[in-house]
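Participant: Next one to model:
(4 chains)
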There are 2 protein chains.
Amino acid sequence: MPTEPSAGTNSGTGDRRARRRQETIEEILAIAEAVMIEEGVNGLSLSEVARRLGVRPPSIYKYLPSLMALYDALFERGQQAHLEAMRSAMVDAEPGLDALSKGLEASGRWALSNRALAQLLFWRPVPSFRPSDEAMAPSVEMVTLQRRALAAAVRKGELGPAADSDEALYLTSTLIAGVLTQAFANEPDLPWGEGRFTPLFPRLLQLLTAIYPTSAPRRRGGAEITTAPGRR
Amino acid sequence: MPTEPSAGTNSGTGDRRARRRQETIEEILAIAEAVMIEEGVNGLSLSEVARRLGVRPPSIYKYLPSLMALYDALFERGQQAHLEAMRSAMVDAEPGLDALSKGLEASGRWALSNRALAQLLFWRPVPSFRPSDEAMAPSVEMVTLQRRALAAAVRKGELGPAADSDEALYLTSTLIAGVLTQAFANEPDLPWGEGRFTPLFPRLLQLLTAIYPTSAPRRRGGAEITTAPGRR
DNA sequence: TAGGTAAAGCTATAGCATATAGCTAACGCT
DNA sequence: AGCGTTAGCTATATGCTATAGCTTTACCTA
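Facilitator: Residues are numbered from 1 along each chain as shown, chains lettered A, B, ... in the order given. So this is what the prediction gives:
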C-alpha cells in the first residue's frame, strides 16, 4: 500500500512533515479554486495548478491521487463553508420563520459570492465526478437546521402544522434553487439582491404562509394548495 | 475562405452532394446526443463521435469546425425541440392560466426526457462554450408565448393585472427552474410527476393566484406580495 | 459518356491533458 | 550523525483537439 503516506512510522506527535504537507494541500486547494473561478469549473486542470504552484505536473500526485480527488476535496470544503454560512446566519436569528429566511438568504449569498464552489456543489458540472459520502456529510446537518426552523415556526404559530414536514423542506429548497439557478444562468455577475431574480426570494418565502396557513380561514379563489388540482 | 463548401460552384438546383452532407451532419448530431446521454454532457468528444460514425477523428472537421461548434449545433437543436414541445402544449390548451400551466409542464417533461440537451440548454455545463446568438433565438419566442398566456389570464380575470408583466414571467420561470434543478440534482432518473419535486410544480403554479389576486380581498397574515413594480 | 473538380476520407504531426514509473536529493526525526 | 521518508524531477504511455497536406471518390457539366 504505497499510497497514504500518513500514520505510518512516527509513533505519536512529531509531525512537522505532516504539517508542511497539509499546508501544501491547502495551497493546492486555494489555487484550484482560483483556477475554477477564472476558467470555469471544468477548466480546472492539474497542469495549471502545478504551473501556478511552481512544480511539474506529476508532483501534484504526491498530494492528491487524481483530478477527481481534487474535485472531491473542493466539494467537501465547499459543503463545509456553505453549511457554516447558513448556520451562522441562523443562530443570529429568531428561531422559526426568521431563522429559515435568514438561513436561506445566507445560502444564496454564499452561492453568489463563491460561484465556482457553488456550481460544483449544486449543479454537478463534472459528470464523471460523484462526491464521496464523506464530502456529502454536511448536507445532512443542513437538512436538520432547516427542519428545526420549520418546526419552530409551527410551534410559534407562524406556519400551519403541515409545515413541519419533509414536504415543506423540499418546497423551500425548490424555491431557493429556482432563484439561484436563474441568477446564475442569466445574471451571473450580479450580487445577491440585485437583478431580476434574487429580489424575488423574500417574496417567494412569504408564500409559505399562504401554503401553510396558520389556522386556515377558507377564502374563495385563493391559493388553496391541497384540494382541487384544477383551474376553475 | 476555404471553409463553407456550400453555395459555390453550382448555379442553381443540383445539390445532391449538399443533401448527403446534411444527412451526415444530422447523423453526427444524433451520435453526439447519444454520447452525451451515456457519458455526460462533458463526456462528449469528437474522437468518440468519429469512432461511432466509423471514420477517423480529423474527418469530423470536414463537417464541423470545432467541438464548440458541435455543442452550438446541439444547443440550437435543443432550443428548437424545447420550444416546439412547449408551443404544441400551449396551442392545445385554453388561453390563459391553463395554457401557461400546460406549457410549463411540457417544458419540464421535455427537459426530463431529454436530459443531455436540457442540461446543455439550462445549466451550461461547458463553461468554455457560449451559445451563438442564432442558437439563442428560439428563446425569444418562448418568452413571447408565456407573456401572451399571462396577458390572456389577466384578460380573463384569472389573475390580477400585475401578472401581465415581465416580473410575473421571471417568477414563473423561477418556479419551474427550481423544480427542474432539484429533480435533476436529486432524482435524475425519475420521469415527470414522480418523486419529491416535480409533483410540487402544479401546486406552486396555483400560487400565482395568491401572488396576483384577481380583485384582492385583503386578508390578514396573507402572502401579500406588496405593490409589485410590474408595469401593465 | 468523359472529364474535371470539389468533397470526403486518410496519415502525420503538434500541443496539451491525466496518469504512472522510477530516480535523486533533501529534509527531519531518532 | 545517520537513515528512511518525502518531495521533487524526467521519461513515458495514452487520449484528446486541431491543422496540414495528400489521395481517392463521386457527381455535376459539357
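Participant: Kindly report the residues of chain A close to DNA strand C.
Facilitator: Counting by CB under 7 Å from any atom of the strand, chain A comes close to DNA strand C at A:10-11, A:14-17, A:20, A:44-48, A:57-58, A:61, A:65-68. Just so you know, the C-beta spots here come from the backbone N, C-alpha and C atoms, and that holds for glycine as well.
Participant: redo that, cut-off 6 Å
Facilitator: Applying CB under 6 Å from any atom of the strand, one finds that chain A approaches DNA strand C through A:10-11, A:14, A:16-17, A:20, A:45-48, A:57-58, A:61, A:66-67.
Participant: Drop anything exposed from these.
Facilitator: Neighbour counting with 16 or more other CB atoms under 10 Å in any protein chain shown marks A:46, A:48, A:67 as buried within the residues of chain A next to DNA strand C.
Participant: Give me the neighbour count for residue A:104.
Facilitator: 24 (other CB atoms under 10 Å in any protein chain shown).
Participant: which residues touch it?
Facilitator: A:86, A:146, A:172, A:176, A:201, A:205 (CB atoms under 8 Å, 6 or more residues apart in numbering or on different chains).
Participant: Quick check, the first one in contact with residue A:142.
Facilitator: Read that as residue A:86. Yes - between residue A:86 and residue A:142 there is a contact under CB atoms under 8 Å: 6.3 Å.
Participant: of those two, who's got more company?
Facilitator: Remark: of residue A:86 and residue A:142, residue A:86 carries more neighbours, 24 against 17, as counted by other CB under 10 Å.
Participant: re earlier: now, which of the residues of chain A next to DNA strand C sits nearest DNA strand D?
Facilitator: residue A:58 (3.6 Å; CB to the nearest atom of the strand).
Participant: contacting residues for that closest one?
Facilitator: By CB under 8 Å, 6+ apart, the contact list for residue A:58 is empty.
Participant: could you redo the last one with a cut-off of 10 Å?
Facilitator: Residue A:58 is in contact with A:46, A:50, counting by CB atoms under 10 Å, 6 or more residues apart in numbering or on different chains.
Participant: Okay, and it sits in which element?
Facilitator: Per DSSP states H and E: residue A:58 is located in helix A:57-60.
Participant: Please apply the same query to residue A:142.
Facilitator: In this structure, residue A:142 sits in helix A:133-155 according to DSSP H and E.
Participant: Need the residue closest to the centroid of chain A.
Facilitator: Nearest to the geometric centre of chain A sits residue A:82, at 4.7 Å (CA atoms, centre = their mean).
Participant: Is the helix or strand where that residue lies in proximity to chain B?
Facilitator: Element membership of residue A:82, judged by DSSP H and E, is helix A:67-91. No - Helix A:67-91 does not reach chain B (CB under 10 Å from any CB of the partner chain); its nearest approach is 12.2 Å.
Participant: Relative to the whole chain's centre, how far out is that helix?
Facilitator: 7 Å (CA atoms, centre = their mean, to the nearest Å).
Participant: now swap in stretch A:65-73 and tell me
Facilitator: 19 Å.
Participant: So what touches that stretch?
Facilitator: When contacts are defined by CB under 10 Å, 6+ apart, stretch A:65-73 is touched by residues A:3-4, A:25-26, A:28-29, A:32, A:36, A:41, A:44-47, A:49, A:60-61, A:63-64, A:120, A:125-126, A:128-132, A:134-135.
Participant: now, which of those lie within helices?
Facilitator: If you go by DSSP state H, the contacts of stretch A:65-73 have A:25-26, A:28-29, A:32, A:36, A:46-47, A:49, A:60, A:120, A:134-135 in helices.
Participant: My guess is residue A:169 contacts residue A:175. True?
Facilitator: No - if you go by CB atoms under 10 Å, residue A:169 and residue A:175 don't touch, sitting 11.0 Å apart.
Participant: And residue A:26, how far from residue A:83?
Facilitator: To residue A:83, residue A:26 is 19 Å away according to CB to CB, to the nearest Å.
Participant: Between the two, point out the one with more neighbours.
Facilitator: residue A:83 (19 against 12).
Participant: How much space separates the closest residue to residue A:113 other than its chain neighbours from chain B?
Facilitator: Of all residues not flanking residue A:113 in the chain, residue A:191 sits nearest, at 7.0 Å (CB to CB, 6 or more residues apart in numbering or on different chains). Distance, residue A:191 to chain B, using CB to the nearest CB, to the nearest Å: 17 Å.
Participant: Could you do residue A:69 as well?
Facilitator: Relative to chain B, residue A:69 is positioned 18 Å away (CB to the nearest CB).
Participant: same check, this time on residue A:206
Facilitator: Distance, residue A:206 to chain B, by CB to the nearest CB: 5 Å.
Participant: I'd say that residue and residue A:158 touch.
Facilitator: No - Residue A:206 is beyond contact range of residue A:158, at 11.3 Å (criterion: CB under 10 Å).
Participant: what do these two both touch?
Facilitator: Counting by CB under 10 Å, 6+ apart, the common neighbours of residue A:206 and residue A:158 are residue A:97.
Participant: Report the buried residues of the helix holding residue A:82.
Facilitator: The neighbour-count check on helix A:67-91 (16+ other CB under 10 Å) flags A:67, A:70-79, A:81-83, A:85-87, A:89-90 as buried.
Participant: Following that helix in sequence, what is the next regular element?
Facilitator: The helix or strand immediately downstream of helix A:67-91 is helix A:97-113, counting by DSSP H and E.
Participant: relative to helix A:133-155, how tilted is that next one?
Facilitator: Helix A:97-113 and helix A:133-155 meet at an angle of 150 degrees, taking axes from the mean of the first three to the mean of the last three CA atoms, to 10 degrees as the criterion.
Participant: what's the spacing between the residue lying closest to residue A:33 once chain neighbours are set aside and DNA strand D?
Facilitator: Nearest non-adjacent residue to residue A:33, counting by CB to CB, 6+ apart: residue A:116, 6.0 Å away. For residue A:116, the distance to DNA strand D equals 23 Å [CB to the nearest atom of the strand, to the nearest Å].
Participant: This completes my enquiry, with thanks.
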